[in-house]
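# next input, structure requested:
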Amino acid sequence: MMGGQWWLLPGTLCTAEVFAPLLAELGVSQRDCRVVRLDRPAVEDYAAELAAIRPGDVVLGFSLGAILAAHHLDHIRAGAVILLAVNPFPDLPEKRSARLAMLERARQRGAPAALAEGLSSQLGAGAADRPEIRQRILAMAEEGEAVLEAQTLLALSRPGAGRMIAETRARVLFLSGGADPTAPPERAASAAELGGHRFQMIEGAGHYLPLEAPVACARHIRDFLETGGASPC
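Here you go, the predicted structure:
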């Protein structure tokens, strides 16, 4: 696989821990990773930080972190970009009230309690019965609670990354869970078509793809990196 630095962009109420099982499967050491903290409310707020990405580096984004990475695809110089559980199009208007309600619940009761309410619906059937995944997600929510407002504003204000996806010269892999209600796989598939990128769906997995199916994710990522990102036959 590629020998550059791995740039990790976690999602809403997530830390880099969301990638831990996946990186272990890939054999990627923490010392080779750089984490981008989603603590600023606008896409352009991250331009200077992401400008440090080099051609031998790999960008690994999950959910909101993948959305952010997609919005910078037209100018980052990564050797490969892997976007997990992503809907890189503008946020649907009907999601605004739900996002703001989640933020208010988190303010009143704490992020873990607010997230726990609908968490089961975000997980695939197999993961819903694995308490260690749920515990990991809620622990990350507690750690990331302080930046939830900035993350909510980032999600609401994103303009959509269709042009960036179509114009990028980077090799991009879209990975989706077949049972993801938050970022439906058809959205990622449509985005991949814009630039002739690779799309893979993991049947039965929900939104928390790198925690639910790290072995399957690692298999697709390894193949993508080793084949130069060419589309499978």
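# got the phi and psi for the residue nearest to Leu26 when sequence neighbours are not counted?
For Leu26, ignoring the flanking residues on the chain, the nearest one in space by Cβ to Cβ, 6 or more residues apart in numbering is Ala218 at 5.0 Å. Every residue, glycine included, has its C-beta placed from N, CA and C. In this entry, Ala218 is assigned phi and psi values of phi -60, psi -40 (degrees, to the nearest 10).
# so Ala218 touches Glu25, yeah?
Yes: contact criterion Cβ atoms under 8 Å: Ala218 and Glu25 qualify, at 3.6 Å.
# picking that back up, mind checking how far the residue nearest to Leu26 is from Glu149?
When distances are taken as Cβ to Cβ, to the nearest Å, Ala218 and Glu149 turn out to be 33 Å apart.
# these two - which one has more neighbours?
Under the criterion of other Cβ atoms under 10 Å, the comparison of Ala218 against Glu149 puts Ala218 first, with 19 against 14.
# got the confidence number for that one?
What the model reports for Ala218 is a pLDDT of 98.
# also Ala106?
We note a pLDDT of 97 for Ala106 in this prediction.
# could you count how many residues lie near it?
Other residues near Ala106 number 20, with proximity taken as other Cβ under 10 Å.
# ok, back up a step: so what's the residue nearest to Leu26 up against?
With contact set as Cβ atoms under 8 Å, 6 or more residues apart in numbering, Ala218 has these partners: 22, 25-26.
# go on, Val81?
Taking Cβ under 8 Å, 6+ apart as the contact definition, Val81 lies against 58-59, 61, 69, 73, 168, 170-173.
# at 6 Å instead, please
59, 170, 172 (Cβ atoms under 6 Å, 6 or more residues apart in numbering).
# sorry, back to before: who wins for neighbours among the contacts of Ala218?
When the contacts of Ala218 are compared by neighbour count (other Cβ under 10 Å), Leu22 ends up highest, at 24 neighbours.
# tell me how far that residue lies from Leu211.
The span separating Leu22 from Leu211 equals 8 Å under the rule Cβ to Cβ.
# where do the contact lists of the two overlap?
Residues within reach of Leu22 and of Leu211 at once, by Cβ under 6 Å, 6+ apart: there are none.
# and the strands in the chain?
6-9, 33-35, 58-62, 80-84, 171-177, 198-202 (DSSP state E).
# contacting residues around the shortest one?
Think strand 33-35. If you take Cβ under 6 Å, 6+ apart as the criterion, strand 33-35 is touched by 5-8, 16.
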